[in-house]
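A.B. asks: model this:
(one chain, ligands or ions: 1)
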Amino acid sequence: MKSVAILGSTGSVGVTTLDVVERFSDRFRVVSMAAGNNLDLLVRQIERHRPDLVSVATASLAAQLQQKLGSSSTVEIHHGSEGAAAVATHPAAQIVVSALVGALGLGPTLAAIAAGKDIAFANKEVLVVAGEVMTAAVRERGVRLLPVDSEHNAIFQCLEGRGRSALRRIILTASGGPFLRLPRDRFESVTVAEALNHPTWRMGNKITIDSATLMNKGLEVIEARWLFDLPPERIAVVIHPQSVVHSMVEMIDGSVIAEMAEPDMAIPVAYALAFPDRLPLDHLKPLSLVERGNLTFEEPDPTRFPCLRLAYEALAAGGTMAACLNAANEELVAAFLAGRARFADIPRHIETVMTRHHNGRARTLEDLYEVDGWARAQAHALIGPTAHASI
Ligand SMILES: NC(=O)c1ccc[n+]([C@@H]2O[C@H](COP(=O)([O-])OP(=O)(O)OC[C@H]3O[C@@H](n4cnc5c(N)ncnc54)[C@H](OP(=O)(O)O)[C@@H]3O)[C@@H](O)[C@H]2O)c1
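C.D. replies: Reported below is the predicted structural model:
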């Protein structure tokens, strides 16, 4: 029996994780869960999985949750970043699913590592912001960082049992999102509904917008740099609209090894939870390449999708530039979703914030938080108070 803590239980990855746990209840049990403000779903999850401890975003949500659960409930309720850290460091937890969204997952994920927990890692922004700090902590504590992001999980699977000296480069695949064929002049008038309509994956809103701008792939390039310790020139991106090949590794003899499946996050989640075992996911549709017919691949277009270029530039710049890019992106995506920024403002304003940033090495976590706060304020100033009817 493996004890699991889930950061972000009410999110898309969190819900998939709970489904895997439930299907394999002889192998896993949930001991703690952190959510934001979706109390109705959290109550249902608590009733079903009976964790010892939960956390929600604020003190007032914690009070509301207590009321909903009733006085007979024995679940310990925490809130805020300290609450999420309590979830991540539950003494019984052996693996922590890091699936909050955005840089706010940094503190709890680092707390889990410091407490010696293995990490099933989905919350990519954390590695983008603090890759150096986090990988150093993972090495120091000797814990496992198991990728849940489908591309990184694919690469992890392809590399398993193979000597790293034989690796030439990795190739991340990208669906291309809903705007793969959209003419350049239409990017200004993209609506939120259009951007949320991802062709192959159903995910949380933030990552869905990131997929539409290709920033998601850019964040994944930075994530791969830290997970697999590779320089940017050995991390390639190729557009593959069918999302069947989840990523590939190219070996020094020219062999390319790919991981393929019908797109479903249950596969990487189950792989990370059960590693080094594999679980029988018989409920999923098996991949039929004959039925699928064509699998196609093409170069990403850097003129229509500048976010990918910006992420490579942040990686090349090093220091705190990736933290700056991430914070500006989080603010711009939130503003776009709220109808306060245009879709095309996302790369435009991120680039301005990056240009203004005085890059340097982060010596402490506080340095990273400072850059994060500065970049968010800069992005806010650029967004301004005007509402755009883009919803
Ligand atoms: N979805 C995917 O298929 C997928 C694939 C690969 C990687 N990822 C990565 O995994 C992470 C999660 O993605 P997702 O799609 O699952 O996101 P999501 O559906 O938006 O879920 C985010 C989770 O974080 C919680 N949360 C948000 N703000 C919070 C706060 N202030 N305090 C505590 N909890 C808070 C949410 O709680 P409430 O909903 O209760 O507010 C929810 O449980 C992201 O970094 C994403 O890039 C996702």
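A.B. asks: Based on its surroundings, how many neighbours for the closest residue to K124 other than its chain neighbours?
C.D. replies: Distances taken as Cβ to Cβ, 6 or more residues apart in numbering put E223 closest to K124, at 4.5 Å, once the chain neighbours are dropped. The way it works is simple: take the backbone N, C-alpha and C, and place the C-beta from them, glycine included. Close neighbours of E223, defined as other Cβ atoms under 10 Å, add up to 26.
A.B. asks: what's stretch 63-76 in contact with?
C.D. replies: 39, 42-43, 46, 50-54, 56, 77 (Cβ atoms under 8 Å, 6 or more residues apart in numbering).
A.B. asks: again, only this time at 6 Å
C.D. replies: 39, 43, 46, 53-54, 56, 77 (Cβ atoms under 6 Å, 6 or more residues apart in numbering).
A.B. asks: Out of these, which two sit at the greatest distance?
C.D. replies: L39 and L53 (16.0 Å; Cβ to Cβ).
A.B. asks: Can you check the pLDDT for the closest residue to the ligand within the stretch 151-300 of the chain?
C.D. replies: Closest residue of the stretch 151-300 of the chain to the ligand, Cβ to the nearest ligand atom: G204 (2.5 Å). For G204, the model assigns a pLDDT of 96.
A.B. asks: The nearest residue in space to it that is not next to it in sequence and V290, how far apart?
C.D. replies: The shortest distance from G204 to any non-neighbouring residue, by Cβ to Cβ, 6+ apart, is to S12 (4.8 Å). Counting by Cβ to Cβ, to the nearest Å, the gap from S12 to V290 is 30 Å.
A.B. asks: before we move on, the earlier item: residues contacting the residue of the stretch 151-300 of the chain closest to the ligand?
C.D. replies: Per Cβ under 6 Å, 6+ apart, neighbours of G204: 11-12, 101.
A.B. asks: tell me, which of those residues make contact with the ligand?
C.D. replies: Applying Cβ under 6 Å from any ligand atom to these, one finds that 11-12, 101 fall near the ligand.
A.B. asks: Please list the residues of the stretch 151-300 of the chain that sit near the ligand.
C.D. replies: 201, 203-204, 206-207, 265.
A.B. asks: Put the buried members of the contacts of stretch 63-76 into a ChimeraX selection.
C.D. replies: Selecting only the buried entries of these in ChimeraX, with 16 or more other Cβ atoms under 10 Å as the criterion:
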select :39,46,53,54,56,77
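A.B. asks: Tell me the one of the contacts of stretch 63-76 nearest the ligand?
C.D. replies: Nearest to the ligand out of these is V56 (Cβ to the nearest ligand atom; 6.8 Å).
A.B. asks: Would you format the ones next to the ligand among the contacts of G204 as TSV with secondary structure included?
C.D. replies: Below are the ones next to the ligand among the contacts of G204 laid out as TSV (DSSP: H, G, I helix; E, B strand; the rest coil):
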residue	secondary structure
G11	coil
S12	helix
V101	coil
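A.B. asks: most neighbours, which of those?
C.D. replies: Counting by other Cβ under 10 Å, top hit in the ones next to the ligand among the contacts of G204: G11 with 24 neighbours.
A.B. asks: what's the pLDDT at that one?
C.D. replies: What the model reports as pLDDT for G11 is 98.
A.B. asks: show me what contacts it?
C.D. replies: 99, 204.
A.B. asks: give me that answer again for 10 Å
C.D. replies: 17, 35-36, 38, 41, 99-101, 122-123, 203-204, 206-207 (Cβ atoms under 10 Å, 6 or more residues apart in numbering).
A.B. asks: Please tell me I have it right and I46 contacts M33.
C.D. replies: Yes: contact criterion Cβ atoms under 10 Å: I46 and M33 qualify, at 7.6 Å.
A.B. asks: Give me the common contacts of those two.
C.D. replies: Joint contacts of I46 and M33 (Cβ under 10 Å, 6+ apart) are 9, 54, 75.
A.B. asks: Skipping its backbone neighbours, what lies nearest the first one in space?
C.D. replies: Ranked by Cβ to Cβ, 6+ apart and with sequence neighbours excluded, the top spatial neighbour of S9 is M33, at 3.8 Å.
A.B. asks: This completes my enquiry, with thanks.
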